[in-house]
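K.L.:
Following is a predicted model, sequence given first.
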Amino acid sequence: MNAWQLIAVGLVMLLGLIGVLVPGIPGPLIVWAGVLWWTLTEKSALAWVVLMGATAVLLLDQALKWLLPARDPRAAGAPYRTLFLAGAAGIAGFFVIPVIGAPLGALGGLYLLERVRLGSHGDAWASTRTVMRAIGLSVLIELLACLLVVGAWIGAVIAG
């Protein structure tokens, strides 16, 4: 697979990660499609192992989402822009501190954005807790699953 194809697959996976944060875009499916595209082009044993692992992780993610109660993020009071930017901070955090940086970045970003919006520590912290109760676990599980898949793909590409 040449460099341009790898960049295209990476952009598809980035779109999938963003899709986790945007309602109506099937982020995990897009990430999985990127891995499938890479696997069908690469045709190596490692590529097939990554595809099987990605499939298992994303199926487990979907099963866990069905088990969690559905909640409305708007009921928590934070605007969608804040939720989206906090998710983007989680994606950035994953690459700064692998795996554990995702929840740290998302929580930190959400708190900072709420602090700017609301003005005080107490109000920002209360809003952050409310938002995390409303949507945090479901989105965090889906984002973590997609980040694990992307991380496995990056590791496989580097391993060659």
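P.N.:
Cool, the structure landed. Everything numeric here is computed off the predicted structure, so don't read it as measured data. Numbers count the residues shown, from 1 in each chain.
K.L.:
pretty sure Leu36 contacts Leu51?
P.N.:
Yes: in this structure Leu36 lies within contact range of Leu51 using C-beta atoms under 8 Å: 6.3 Å. Glycine gets a C-beta too; all of them are placed from N, C-alpha and C.
K.L.:
For those two, indicate the residue with more neighbours.
P.N.:
For Leu36 versus Leu51, neighbours defined as other C-beta atoms under 10 Å are more numerous around Leu51 (21 against 15).
K.L.:
Now do the contacts for the residue nearest the centre of the chain.
P.N.:
Geometric centre of the chain, nearest residue: Leu143, 2.5 Å, by C-alpha atoms, centre = their mean. By C-beta atoms under 8 Å, 6 or more residues apart in numbering, the contact list for Leu143 reads 17, 20-21, 87, 90-91, 102, 106.
K.L.:
got a list of contacts for the helix or strand hosting Leu15?
P.N.:
Following DSSP states H and E, one finds Leu15 within helix 3-21. With contact meaning C-beta under 8 Å, 6+ apart, helix 3-21 is reached by 1, 25-35, 37-38, 41, 83-84, 87-88, 91, 139, 142-143, 146-147, 149-150, 153, 157.
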